[in-house]
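**Q** Would you be able to build a 3D model of this:
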Amino acid sequence: MALRAVYRRRVKQDLSAAYDWYEGQRPGLGAEFRASVQATFKAIEIHPELFATVNLEIHRAIVSRFPFAVFYVAEPNRVVVLRVLHTARNPELWPRRS
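**A** As a prediction, this is how the structure comes out:
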């Protein structure tokens with residue numbers, strides 16, 4: 001059974017900035033990025049335990065075709081998506097659950 005996903009406010013900002021950058025590189029590339037991220041969200045909802053744990057209970061799922069990762073926490077009844085960040089970001093900037 002798939003879990004319901006909820007998204008922190010920063011996720012929208014992360015996605016918007018990346019979408020704009022990719023669209024600036026080539027028209028349509030932003031939409032391809034968004035589709036890859038959506039596929040990653042769906043995989044997380046279906047199999048939240050599948051992806052690596054990187055910081056206590058925070059998981060990281062790599063986005064196909066793009067150098068981005070989705071950071072999330074799997075709770076009993078939902079998945080909380082914390083951030084969508086470029087993989088070259090310093091790991092010290094990765095989200096932590098407080």
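
**Q** any residues touching the strand ranked longest in the chain, and which ones?
**A** Taking DSSP state E as the criterion, the chain has its longest strand at strand 78-86. Under the contact criterion Cβ atoms under 8 Å, 6 or more residues apart in numbering, strand 78-86 has outside partners 3-8, 10-11, 14-15, 18, 37, 41, 44-45, 48, 58, 63, 67-73, 93-95, 97. Bear in mind the C-beta positions are built from the backbone N, C-alpha and C, glycine included.

**Q** Can you list the buried residues in that strand?
**A** V79, V80, V81, L82, R83, V84, L85 (16 or more other Cβ atoms under 10 Å).

**Q** Stretch 42-62 now?
**A** Under the neighbour-count criterion of 16+ other Cβ under 10 Å, stretch 42-62 has I44, E45, P48, F51, I58, H59, R60, A61 buried.

**Q** Now do the helix or strand hosting the first one: everything it contacts.
**A** By that I understand I44. Element membership for I44, per DSSP states H and E: helix 29-46. Residues outside helix 29-46 that contact it (Cβ under 8 Å, 6+ apart) are 2-5, 15, 18-23, 50-51, 59, 61-66, 68, 70, 72, 79, 81, 84.
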